[in-house]
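K.L.:
Could you look at this predicted model? Sequence included:
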Amino acid sequence: MHIVQGNERMKTSYEADAKFVEKDGRWFLFYDEHNEEDGEITKCRFEIESDTLRMRRNGPIVIEQSHQRDAKTEGYMKTPFGHMDTKIRTFKYAFTLKTNGDYLLALGYDLYTGGEKTGTYLLNITITEKEEVISC
């Protein structure tokens, strides 16, 4: 993920074991995000359709967002300091099956809280099937 907040630019990346399933034309991605600094776990859920994405992160901070390409949507954040409504302007959304069998979720959006732009977020998730190792 690339994050731009004012003059600050950050990049973060990690690997996680996940559950990825398709049901009734929707894809669901579930994984846990582990914070190395404080040991907190955030449970992440993505509900992926061809033209929309619903994302929920449930941990010390709860975030619910809906994304639709070239559209403005609403969401919220719950923090230890209170509830904040958010607005999201999604300018990039693609969910594709690559030729090697991996799936790629590409998301770009601007996040607004209290009517002010909080930042620009570029998220790329590659979903790769993990080979099972069987020992005898």
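P.N.:
It's in.

K.L.:
what sits against the residue nearest the centre of the chain?
P.N.:
Central residue of the chain (CA atoms, centre = their mean): residue 55, 5.8 Å from the mean position. Residue 55 sits next to 44, 45, 46, 47, 63, 64, 65, 66, 67 when contact means CB atoms under 8 Å, 6 or more residues apart in numbering. Bear in mind the C-beta positions are built from the backbone N, C-alpha and C, glycine included.

K.L.:
how does it look with 7 Å?
P.N.:
46, 65 (CB atoms under 7 Å, 6 or more residues apart in numbering).

K.L.:
Quick one: find the helix or strand in this structure with the lowest mean pLDDT.
P.N.:
strand 2-5 (a mean of 88; mean pLDDT, DSSP states H and E).

K.L.:
Given that one, what are its sheet partners and their directions?
P.N.:
Here strand 2-5 is paired, per DSSP bridges, with strand 8-11 (antiparallel), strand 116-127 (antiparallel).

K.L.:
Need the winner for burial among the ones you listed.
P.N.:
strand 116-127 (a mean of 15; mean count of other CB atoms under 10 Å).

K.L.:
What mean pLDDT does that one get?
P.N.:
On average, the pLDDT along strand 116-127 is 94.

K.L.:
ok, now stretch 56-70?
P.N.:
94.

K.L.:
Tell me which residues of that stretch come out buried.
P.N.:
57, 63, 64, 65, 66, 67 (16 or more other CB atoms under 10 Å).
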